[in-house]
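Participant: coordinates for the following, if possible.
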Amino acid sequence: MSTLTIEASATKVWFDQYNMWIALTDGRQLSVPIEYFPRLLNANQEQRKKYILSGNGTGIHWEELDEDISVAGLLLGQGDLNRYKQYKLDKP
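Facilitator: Numbering: from 1, shown residues only. Just a heads-up that it's a prediction; the model follows:
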């Protein structure tokens, strides 16, 4: 695993209609579909704006939404693991 992946930290988070965008300290910008995170998908714009960068930007937290996202996890392609559990439960 690359050191850059693990050490990358967020400096800013913003949203467009379909994606969550994260600016990283190394200059990269990461785009992730909002649908990967049902709590963010169902939140309004004001709720999405109320985030806190935790751990010097290694995590993103939304108190009101009870949502925590790891920047390293995003870089590894991980979404909300509960989303996958729910999907599996809905399938026969």
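
Participant: I'd guess residue 56 is in a helix, am I close?
Facilitator: Yes - applying DSSP: H, G, I helix; E, B strand; the rest coil, one finds residue 56 inside a helix.

Participant: quick one: mean pLDDT for stretch 77-92?
Facilitator: The predicted model assigns stretch 77-92 a mean pLDDT of 56.

Participant: which residues of this structure fall in strands?
Facilitator: Along the chain, the segments classed as strands by DSSP state E run 10-15, 19-24, 29-33, 52-54, 59-62, 67-70.

Participant: just checking, what packs against the fifth one?
Facilitator: With contacts defined as 3 or more Cβ pairs under 8 Å, 6 or more residues apart in numbering; DSSP states H and E, the secondary structure elements packing on strand 59-62 are strand 52-54, strand 67-70. In short, each C-beta sits where N, CA and C put it, glycine included.

Participant: what would the strands of the chain look like in JSON lines with mean neighbour count?
Facilitator: Converted to JSON lines, the strands of the chain look like this (neighbours: other Cβ atoms under 10 Å):
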{"stretch": "strand 10-15", "mean neighbour count": "16"}
{"stretch": "strand 19-24", "mean neighbour count": "18"}
{"stretch": "strand 29-33", "mean neighbour count": "14"}
{"stretch": "strand 52-54", "mean neighbour count": "14"}
{"stretch": "strand 59-62", "mean neighbour count": "18"}
{"stretch": "strand 67-70", "mean neighbour count": "18"}
